[in-house]
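> Need the 3D shape of this:
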Amino acid sequence: MVRWRAFNLLLRGCCGYALRRGGPPERLGSLIFLAAAALTVLGAAPFATRFQHVELLILLVDAGVLCAFMILAIRSERFWPIWVAGLQTVEVLTHFARVATPGIIPPAYGEAIALWSYPMLALLAIGTWRHCWRLQRFGSDSPWKNASG
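Numbering: from 1, shown residues only. Have a look, this model is predicted:
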């Protein structure tokens, strides 16, 4: 329970910071994280059987998050979404490791897919801080790549 409380504090803190101080890519990233957290809670199996098998609904949420961050990485001028997409790829592949190795202890599978959320949220906070720094130093921070070239 303490870990969930700590994660929720980190989630709210990083996403709240990005929503208040971030540019459009940071705000969009925070909304992706918040939606993913809510959908993961809704899609998780009942506690008694959780992580006994591949969590298909969580895998679908994770795959959707991966697609969203890949699009964000391609379209934005920011570097942090590339790192988040990379970490999210590892998280998605962890589900397939569960398929390939059925003997994985269920709590280890659960911890392995949850582990990557912490550095991803830290990357969002760092990206938001760097956005604020660029605004202060240069007066502007272009959020999106120029469509013409």
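
> in this structure, which spans are helices?
For the chain, the helices identified by DSSP state H occupy 2-21, 24-43, 56-75, 80-100, 106-115, 117-138, in order along the chain.

> count of neighbours near G86?
The criterion is other C-beta atoms under 10 Å. On that basis, G86 has 17 neighbouring residues. Placement of C-beta: from N, CA and C, glycine included.

> close enough to count as contact, A63 and E91?
No: with contact taken as C-beta atoms under 8 Å, A63 and E91 are classed as non-touching, separated by 9.7 Å.

> Looking at those two, which is more packed in?
More crowded of A63 and E91, by other C-beta under 10 Å: E91, with 22 against 14.

> what sits against the residue lying closest to V65 once chain neighbours are set aside?
When the adjacent residues along the chain are set aside, V65 lies closest to A36, with 4.8 Å between them (C-beta to C-beta, 6 or more residues apart in numbering). By C-beta atoms under 8 Å, 6 or more residues apart in numbering, A36 lies in contact with V61, D62, G64, V65.

> separation between A36 and R130?
Separation of A36 from R130 (C-beta to C-beta, to the nearest Å): 22 Å.

> same thing with W83?
W83 sits 12 Å away from R130, going by C-beta to C-beta.

> Over to L115?
Here L115 is placed at a distance of 24 Å from R130 (C-beta to C-beta).

> With neighbour numbers in mind, choose between these two.
Here L115 and R130 are set side by side on neighbour count (other C-beta under 10 Å), and the busier one is R130, at 16 against 13.

> The more buried one - nearest residue in space that isn't next to it in sequence?
Leaving out its chain neighbours, the residue that sits closest to R130 by C-beta to C-beta, 6+ apart is W80, at 7.6 Å.

> I'd say that neighbour and G127 touch.
Yes: taking contact to mean C-beta under 8 Å, the distance of 3.4 Å between W80 and G127 places them in contact.
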